[in-house]
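> heads up, no residue letters with this:
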């Protein structure tokens, strides 16, 4: 396979931090950049999420989505147990109101 040189300018501090990170993975800057290019070509896209949102906003969105999934799965688990064990303490003389399934609008 024929190779070619690629050069680009980058902030010196960013380069230093990236080299330290890649070194921890046992990679050179060249290897890491080649991995990026191969993955981009393979997926026909940039291999990471590009957004104008701050990382904290993205993390908050993911937490909301995961929280909804967790609440809905816990609700289903408890409802199944009440059906499986109708004589349990939770089913005796108690009317449980689970409300509506948690959706996007709640968070």
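Nice, I can see it. Just so you know, these numbers come straight off a predicted model, no measurement behind them. Numbering: from 1, shown residues only.
> How about the secondary structure of residue 49?
At residue 49 the chain is in coil, as set by DSSP: H, G, I helix; E, B strand; the rest coil.
> per-residue confidence for it?
For residue 49, the pLDDT comes out at 73.
> need the contact list for residue 42.
By C-beta atoms under 8 Å, 6 or more residues apart in numbering, no residues touch residue 42. C-beta here means a position set from N, CA and C on the backbone, and glycine is covered the same way.
> Okay, and it sits in which element?
According to DSSP states H and E, residue 42 maps onto helix 29-43.
> cool, and residue 5?
Element membership for residue 5 (DSSP H and E) is empty, with no helix or strand holding it.
> Need phi/psi at it.
Dihedral pair for residue 5: phi -90, psi 140, per degrees, to the nearest 10.
> low-confidence ranges in this structure?
Where the chain drops to pLDDT under 70, the residues are 50-55, 58, 74, 76-79, 81-107.
> buried sites along the helix holding residue 42?
The neighbour-count check on helix 29-43 (16 or more other C-beta atoms under 10 Å) flags residue 32 as buried.
> Quickly list the domain ranges of this structure.
Domain assignment of the chain by automatic domain parsing yields the ranges 12-43, 55-106.
> Okay, now the first one: how far is its last residue from its first?
Using C-alpha to C-alpha, to the nearest Å, the gap from the first to the last residue of domain 12-43 comes to 29 Å.
> swap in stretch 16-35?
OK, stretch 16-35 end separation, C-alpha to C-alpha: 18 Å.
> residues contacting residue 28?
The neighbours of residue 28, taking C-beta under 8 Å, 6+ apart as the test, are residue 22.
> how far away is it from residue 73?
Taking C-beta to C-beta, to the nearest Å as the measure, residue 28 and residue 73 are separated by 44 Å.
> ditto for residue 10
From residue 10 to residue 73 the distance is 44 Å (C-beta to C-beta).
> all helices of the chain, in order?
Under the criterion DSSP state H, helices of the chain are mapped to 12-24, 29-43, 55-84.
> Tell me which of the ones you listed lies nearest to residue 2.
Proximity to residue 2 (C-beta to C-beta) singles out helix 29-43 among these, at 14.1 Å.
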